[in-house]
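In: quick check, what structure comes out for this input:
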Amino acid sequence: MTKRLALLAAAAFLPGCVPEGNSTPSDSGPAPNAQTGPTFRPSLNVMTATFEDNFDRPPRPAVALMPSVAPSAEAPEGGVIPGSASAAPQPVPDDLGPNWRQAGTSVWHIENGRLCGQHAQNHGVWLTKVLPVNARIEFDAIAESPQGDLKAEVWGDGQSHATAISYTNATSYLAILGGWKNKFHVLARLNEHGNDRKQIAIDPQSDDPKEKPVVVGQIYHIKIERTDGKTVRFFVGGDEYLSYDDPQPLAGMGHDHFGFNDWEVKVCFDNVKVQPLP
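Out: I've put the predicted structure just below:
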């Protein structure tokens with residue numbers, strides 16, 4: 001009898017022996033859009049002083065193109081000798097400066113003292129400065145289209161971009177004003193389409209200023225901050241629109257950069273100020 005009781009007790013701990021009707025969500029795998037908790041690794045070379053950029057740049061220099069190689073007996077069809085200077089695409093001067101890095105694109109540029117992009121298809125531009133866990137980020141944003149789509153990424157890896165049509169593989173929090181053709185204001189974590197995102201549905205007829213669509217040409221002063229190590233807050237014009245209280249915050253190495261992004265329409269940004277917080 002003692003041996004039989006021992007076998008019954010051991011069976012109670014075998015995987016898959018949860019009685020029917022008593023299983024938990026974890027028994028059947030992760031829930032849709034489940035939060036992932038990255039392993040925290042302290043960032044290196046974290047910024048300690050306030051960074052500012054108003055995008056005033058000298059005019060971009062003209063591109064000096066190499067002359068084409070004339071067809072010859074040694075050259076293949078097309079007249080370009082492999083390995084010659086004209087065989088490779090000629091680089092376009094980057095007027096963004098050393099503090100910004102484009103992510104797999106070249107659409108971001110300085111225009112009339114503003115950082116602008118169009119047709120980026122979620123290939124953004126990242127600030128190379130390393131963010132601390134807590135920081136306050138401020139900037140001006142201007143939509144050049146009635147579709148809005150003013151987008152910033154915070155606490156991302158500083159180099160990633162979308163690898164598919166839908167941006168479901170971000171490394172950051174995404175703050176979007178007038179997204180989805182001016183239908184939603186959104187604060188999302190890792191996946192801008194995730195069912196855990198915070199959002200405000202836009203209603204042009206609403207009296208609530210937070211529900212208004214983005215207006216073409218209007219300058220929106222945006223602030224995004226984290227002061228407690230876990231709660232990201234999204235402000236527009238001094239009003240808090242959305243907040244994301246994250247029990248598994250994106251922070252540390254791999255989650256320590258800020259940048260701008262865009263899908264299709266033209267957007268511009270200006271007067272960036274990034275302030276480290278204790």
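In: am I right that Arg200 is in a helix?
Out: Careful, residue 200 is Ile and not Arg. No. Read with DSSP: H, G, I helix; E, B strand; the rest coil, Ile200 is strand and lies in no helix.
In: give me the spatial nearest neighbour of it, chain neighbours excluded.
Out: Nearest in space to Ile200, with sequence neighbours left out and distances taken as Cβ to Cβ, 6 or more residues apart in numbering, is His185 at 4.4 Å. Every residue, glycine included, has its C-beta placed from N, CA and C.
In: from Tyr220, how far off is the one you found?
Out: Using Cβ to Cβ, to the nearest Å, His185 is found at 11 Å from Tyr220.
In: go on, Ile202?
Out: Distance from Ile202 to Tyr220, counting by Cβ to Cβ: 14 Å.
In: the residue nearest to Ile200 and Gly178 touch, don't they?
Out: Yes. Between His185 and Gly178 a contact is recorded at 6.8 Å, counting by Cβ atoms under 8 Å.
In: tell me where the stretch 101-250 of the chain has helices.
Out: Remark: helices assigned in the stretch 101-250 of the chain by DSSP state H, counting those that start in this stretch are 179-182.
In: in it, where is pLDDT below threshold?
Out: Counting by pLDDT under 70, the stretch 101-250 of the chain contains no low-confidence residues.
In: how many neighbours does Val272 have?
Out: 21 (other Cβ atoms under 10 Å).
In: for the strand or helix carrying it, buried residues please.
Out: Using DSSP states H and E, Val272 maps to strand 267-276. Across strand 267-276, burial judged by 16 or more other Cβ atoms under 10 Å covers 267-272, 274-276.
In: what's the closest of the residues you listed to Thr39?
Out: Distances from Thr39 to these, taken as Cβ to Cβ, are shortest for Pro276 (22.8 Å).
In: list phi and psi for the nearest residue to that closest one once chain neighbours are set aside.
Out: Sequence neighbours aside, Pro132 is the residue nearest to Pro276 in space, at 4.9 Å (criterion: Cβ to Cβ, 6+ apart). For Pro132, the backbone dihedrals (degrees, to the nearest 10) come out as phi -80, psi 180.
In: could you report the distance from Pro132 to Tyr241?
Out: Counting by Cβ to Cβ, the gap from Pro132 to Tyr241 is 23 Å.
In: can you check Gln218 too?
Out: Gln218 is 15 Å from Tyr241, by Cβ to Cβ.
In: those two: which is more packed in?
Out: Neighbour count, other Cβ under 10 Å: between Gln218 and Tyr241, Tyr241 has more, with 21 against 9.
In: OK, contacts around the more buried one?
Out: 177, 185, 187, 200, 210, 234-235 (Cβ atoms under 8 Å, 6 or more residues apart in numbering).
In: of these, which belong to strands?
Out: 177, 185, 187, 200, 234-235 (DSSP state E).
In: just the buried residues of the residues you listed.
Out: Listed as buried from these are 177, 185, 187, 200, 234-235; burial here means 16+ other Cβ under 10 Å.
In: rewinding a little: who's more crowded, Ile202 and Tyr220?
Out: Ile202 (21 against 17).
In: pretty sure the more buried one contacts Asn182?
Out: Yes. With contact defined as Cβ under 8 Å, Ile202 counts as touching Asn182 (6.1 Å).
In: overlap in contacts, the two.
Out: Joint contacts of Ile202 and Asn182 (Cβ under 8 Å, 6+ apart) are Pro213.
In: just want the most central residue of this protein.
Out: Closest to where the C-alpha atoms of the chain average out (Cα atoms, centre = their mean) is Glu153, at 3.2 Å.
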